[in-house]
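**Q** Provided below for reference: sequence and predicted model.
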Amino acid sequence: MALREIERRAAALLEQHRHYKPPIDVQLLCQQLGIELVLEELDDEISGVLVTKRQPVIAVNRQHGRARQRFTIAHEIGHFILHKTRKDAVFVDRAAIHFRNQVSSAGIDPAEVAANNFAAALLMPQNMLVEDLKSIDEGIADVQVIRLARKYGVSEQAMNIRLARLDFVSYI
């Protein structure tokens, strides 16, 4: 699925459920979508799981940090929205790259790439970032990335990647 379509679908979801400012309340969004959300003791390498059989359920690793949990929830919502045609599906999101198969670790599994892009667009909507960046005159410094990451409830790495993907900064 094209990135532009993923961005459009994430923005439409936020608009439909009236999420207009960061940080996006992913727990409320799960409720609005009819997804049960549970914190579980999962193996350390597993961030989260989406099960779509009957009542959709997202299980998130309670041992992971808050920013990671939020991204995982958004990632699993991405699977729920983007991959609805997969009935009775189970999606397992692994935290550490060395536990993934070769396709996943290379970043070429289309479903995982799409879910990651959806999560970024959902948690760090382009229109909201544009508004926040209007007040910055001379490029984005590390301190601004840290502030934005805190405001949006994401990791600094996730914010850097999102800003680079939107061509607001170059990411090394």
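**A** In hand now; what should we look at?
**Q** Would you mind measuring from the spatially most central residue of the chain to residue 132?
**A** Centroid-nearest residue in the chain, with Cα atoms, centre = their mean: residue 119, separated by 2.1 Å. According to Cβ to Cβ, to the nearest Å, residue 119 and residue 132 sit 19 Å apart. C-beta: built from backbone N, CA, C; applies to glycine.
**Q** ok, now residue 139?
**A** From residue 139 to residue 132 the distance is 14 Å (Cβ to Cβ).
**Q** out of these two, which sits in the more crowded spot?
**A** Higher neighbour count among residue 139 and residue 132: residue 132, with 15 against 8, using other Cβ atoms under 10 Å.
**Q** isn't that one right next to residue 148, touching?
**A** Yes: the criterion here is Cβ atoms under 8 Å, and residue 132 meets it with residue 148 at 6.3 Å.
**Q** which stretches of the protein have low pLDDT?
**A** Within the chain, the segments meeting pLDDT under 70 span 85-88, 95-107, 137, 170-172.
**Q** which other residues reach the one helix or strand residue 145 maps to?
**A** Assigned by DSSP states H and E, residue 145 falls within helix 142-152. With contact meaning Cβ atoms under 8 Å, 6 or more residues apart in numbering, helix 142-152 is reached by 22-24, 67, 123-124, 128-129, 132, 136, 155-156, 158-160, 163, 169.
**Q** which of the residues you listed count as buried?
**A** Applying 16 or more other Cβ atoms under 10 Å to the contacts of helix 142-152, the neighbour count classes 22, 24, 67, 123-124, 128-129, 155, 158-160, 163, 169 as buried.
**Q** Of all pairs in these, which one is the farthest apart?
**A** 24 and 169 (21.2 Å; Cβ to Cβ).
**Q** In the protein, what residue spans correspond to helices?
**A** 3-16, 26-33, 66-82, 102-105, 110-123, 126-133, 142-152, 156-165 (DSSP state H).
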